[in-house]
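Novice: when you get a sec, could you give me coordinates for this:
(2 chains)
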Amino acid sequence: QVTLKESGPTLVKPTQTLTLTCTFSGFSLNTGGVGVGWIRQPPGKALEWLALIYWDGDERYSPSLNNRLSITKDTSENQVVLTMTYMDLADTGTYYCGHYVTTMTTGYFDFRGQGTLVTVSS
Amino acid sequence: DIVMTQSPLSLPVTPGEPASISCRPSESLMGSNGHNYLDWYLKKPGQSPQLLIYLGSNRASGVPDRFSGSVSGTDFTLKISRVEAEDVGIYYCMQARQTPITFGQGTRLEIK
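Specialist: Numbers count the residues shown, from 1 in each chain, chains lettered A, B, ... in the order given. Take a look at the predicted model:
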């Protein structure tokens, strides 16, 4: 059974760096075709994709976040860490990590964590 | 970036009646393997997005069979055969054909 859990601070100040951890089980980030990614939802707004890291270490980022993001994986701990620099009020929202699969026969992005609410305020 | 356009943005439905949501990508979502990389999600307040349909027409595990996905040309449709009260929320389509992964604006389904 696949599970994911997001953790990190609930409150950060403007200009600070946010670090979120996704701890997962039920799959391996060493398996071909597997990835872990992050999305977010600001209050009252649509879902927004942020970043994705593949089994082979390939990293992909949302270009709209202007190089503020970094994603890393620790396969021994089954964790993926997302770092976002220069936090702004507009970054307030709920952040979700998800299990990403892309192979020749299937492909999906499944968000099973509860999400973590991050508020940016001075 | 692939732009995902959903319609309608608001969908009032009587329980027991069918509902349909359209998603139109700005580019083809078909991969070299013939799959369309289009997922449908239901987002309820306080919950994570629930995967309903993947690869355009495959129902995710545990999703009721009243939900179905289809593709016609490059246009995608999510259909609910008989809407139930628990189906309220915001429905999103998402393309994973290429990064950046992009979502539609969302369609709010409400019960009349």
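
Novice: for the most centrally placed residue in chain B, list each beta-bridge partner.
Specialist: Nearest residue to the geometric centre of chain B (CA atoms, centre = their mean): B:W40, 3.3 Å. For B:W40, the beta-bridge partners under DSSP bridges are B:I53, B:C93.

Novice: can you tell me how far it sits from chain A?
Specialist: B:W40 is 11 Å from chain A, where distance means CB to the nearest CB, to the nearest Å. To be clear about C-beta, it is placed using only N, CA and C from the backbone, and glycine gets the same treatment.

Novice: could I have the CA atoms of the longest strand along chain A written out in PDB?
Specialist: Ranked by number of residues, the top strand in chain A under DSSP state E is strand A:93-102. Listed next in PDB are the C-alpha coordinates belonging to strand A:93-102 (Å, rounded to 0.1, in the frame of the first residue of the first chain):
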ATOM      1  CA  GLY A  93      -1.100  27.400   0.600                       C
ATOM      2  CA  THR A  94      -1.300  23.600   1.100                       C
ATOM      3  CA  TYR A  95       1.500  21.600  -0.300                       C
ATOM      4  CA  TYR A  96       1.100  18.000  -1.400                       C
ATOM      5  CA  CYS A  97       3.600  15.300  -2.500                       C
ATOM      6  CA  GLY A  98       2.700  12.600  -4.800                       C
ATOM      7  CA  HIS A  99       3.800   9.200  -6.300                       C
ATOM      8  CA  TYR A 100       4.500   9.500 -10.000                       C
ATOM      9  CA  VAL A 101       4.700   6.600 -12.300                       C
ATOM     10  CA  THR A 102       5.500   6.700 -16.000                       C
END
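
Novice: that strand near chain B at all?
Specialist: Yes: for strand A:93-102, a contact with chain B is found by CB under 8 Å from any CB of the partner chain, at A:96, A:100, A:102.

Novice: can you map out the strands along chain A?
Specialist: Using DSSP E, the strands of chain A run over A:3-7, A:11-12, A:18-25, A:34-41, A:48-54, A:59-61, A:69-74, A:79-84, A:93-102, A:107-110, A:116-120.
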